[in-house]
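Q: Fold the following, please.
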Amino acid sequence: MDYVYGPGRNHLFVPGPVNIPEPVNRAMNRNNEDYRSPAIPAMTKTLLEDVKKIFKTTTGTPFMIPTTGTGAWESALTNTLSPGDRIVSFLIGQFSLLWIDQQQRLDFNVDVVESDWGQGANLDILAEKLAADHTHTIKAICIVHNKTATGVTNNLATVRKVLDHYRHPALLLVGEVSSICALDFRMDEWGVDVALTGSQKALSLPTGIGIVCASPKALEASKTAKSVKVFFDWNDYLKFYKLGTFWPYTPSTQLLYGLRAALDLIFEEGLDNVIARHSRLGKATRLAVEAWGLKNCTQKEEWYSDTVTAVLVPPFIDSTEIVIRARKRYNLSLGLGLNKVAGKVFRIGHLGNLNELVWR
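A: Residues are numbered from 1 along each chain as shown. As a prediction, the model looks like this:
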């Protein structure tokens, strides 16, 4: 898509990266600091404690890695699994496709469960696989909570119920990149072993921090995992946690100050209120799409996402042209259709620090 200058402020409504609130921008507007000075470890300690709150865990161990969500994915896999391990992974959109590609390139034995784009994960097939796995060859279940390519949200509580029904010990690894601080997520209650997110989504920060949270079960699995890892090795972080300096590698101190400000805004509003706000804006967006006479790419109401809506266009229209026109005429950034839904949908992101006036 060719660059075209648009006058006025850019209106960013892709499903990430998102708009950055002014208090966060101001917090990041500072010079570099020595991350080994007393100030940064002291702030990092409080950040690690508060990050657990947005994952709704009291038992998990968080890692804030200078990376993207993709790096956080790799961290989750390589710290808990060994090459050749069998995992069940759900293919329901572009980013689950990329995660599966990563899993295969890391030499895991990936059992792919594919659904039509616009549908959620097929948990009936998961149940069949778990029921047949008497010797527990499946070591992990990998699922993306919220699919931004198609606007689909999976029911993680049901995934946990299926695992518990068959008393299966597989780890539950969940991609929460576009979910944390936007959708209801309960790490401890739902028995999630590794969850991960990226700073550029509902946290409303620039890209650059991949946040991973590991359960005690995942930490125990990491002791025997044989995958090669260096930069993403949790043990390096744990060693520095014990030393009280926290950082085996150089973090962006500006992003840490930004994260502090972003979390303060979320806690001031109240995490449950933040989630309710996303639910309200998601419903309003879907009602608007319906009023336009268009359809949602998501095929059932139970899968509707409150962070992104993928809008189907009539077959005689290329959705890419809508995105181009929105940018040229209104300086409005909408999400393109990706892969199988390229040219068929455009995506409206409604996550992060925004309200009804911003959304009009």
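Q: buried residues in stretch 334-342?
A: 334, 335, 336, 337, 338, 341 (16 or more other Cβ atoms under 10 Å). C-betas here are computed from N, CA, C, even on glycine.
Q: measure the fourth one to residue 350 for me?
A: For residue 337, the distance to residue 350 (Cβ to Cβ, to the nearest Å) stands at 17 Å.
Q: The first one now?
A: Taking Cβ to Cβ as the measure, residue 334 and residue 350 are separated by 11 Å.
Q: so what sits against both of those two?
A: The contact sets of residue 334 and residue 350 overlap at residue 13 (Cβ atoms under 8 Å, 6 or more residues apart in numbering).
Q: if we can go back for a sec, what is the nearest of the buried residues of stretch 334-342 to residue 264?
A: Comparing the buried residues of stretch 334-342 against residue 264 with Cβ to Cβ places residue 335 closest, at 28.6 Å.
Q: is that closest one in a bridge, and if so with what?
A: On the basis of DSSP bridges, residue 335 is bridged to residue 347.
Q: ok now do it, which residues does it touch?
A: 13, 14, 15, 148, 308, 310, 323, 346, 347, 348, 349.
Q: Phi first, then psi, for the last one.
A: Main-chain torsions, residue 349, degrees, to the nearest 10: phi -90, psi 130.
Q: okay, now residue 36: neighbour count?
A: Applying other Cβ atoms under 10 Å, we find 11 residues neighbouring residue 36.
Q: Got phi/psi on it?
A: Main-chain torsions, residue 36, degrees, to the nearest 10: phi -90, psi 0.
Q: returning to what we had before: quick check, nearest of the buried residues of stretch 334-342 to residue 228?
A: residue 338 (30.1 Å).
Q: you'd agree the closest one is up against residue 149?
A: Yes: with contact defined as Cβ atoms under 8 Å, residue 338 counts as touching residue 149 (4.8 Å).
Q: Now the common contact residues for those two.
A: Both residue 338 and residue 149 are in contact with 93, 94, where contact means Cβ under 8 Å, 6+ apart.
Q: isn't residue 52 right next to residue 213, touching?
A: Yes: if you go by Cβ under 8 Å, residue 52 and residue 213 touch, sitting 7.0 Å apart.
Q: With neighbour numbers in mind, choose between those two.
A: Counting neighbours by other Cβ under 10 Å for residue 52 and for residue 213 shows that residue 213 has the greater number, 29 against 18.
Q: how far away is that one from residue 170?
A: Distance from residue 213 to residue 170, by Cβ to Cβ: 18 Å.
Q: what about residue 217, how many neighbours?
A: Residue 217 has 16 neighbouring residues, counting by other Cβ under 10 Å.
Q: which residues sit in contact with it?
A: The contact partners of residue 217, by Cβ under 8 Å, 6+ apart, come to 171, 193.
Q: next one: residue 201
A: If you count contacts by Cβ under 8 Å, 6+ apart, then residue 201 has 15-18, 69, 177-178, 180-182, 307, 351-352 around it.
Q: Residue 215 now?
A: Contacts of residue 215 (Cβ under 8 Å, 6+ apart): 57, 59, 60, 187, 191, 192, 193, 194.
Q: roughly how far apart are the closest residue to the first one other than its chain neighbours and residue 214?
A: Using Cβ to Cβ, 6 or more residues apart in numbering and skipping the chain neighbours, the partner closest in space to residue 57 is residue 187 (4.1 Å). Between residue 187 and residue 214 the computed distance is 10 Å (Cβ to Cβ).
Q: Please verify my assumption that the residue nearest to residue 57 contacts residue 197.
A: No: counting by Cβ under 8 Å, residue 187 does not reach residue 197; the two are 11.3 Å apart.
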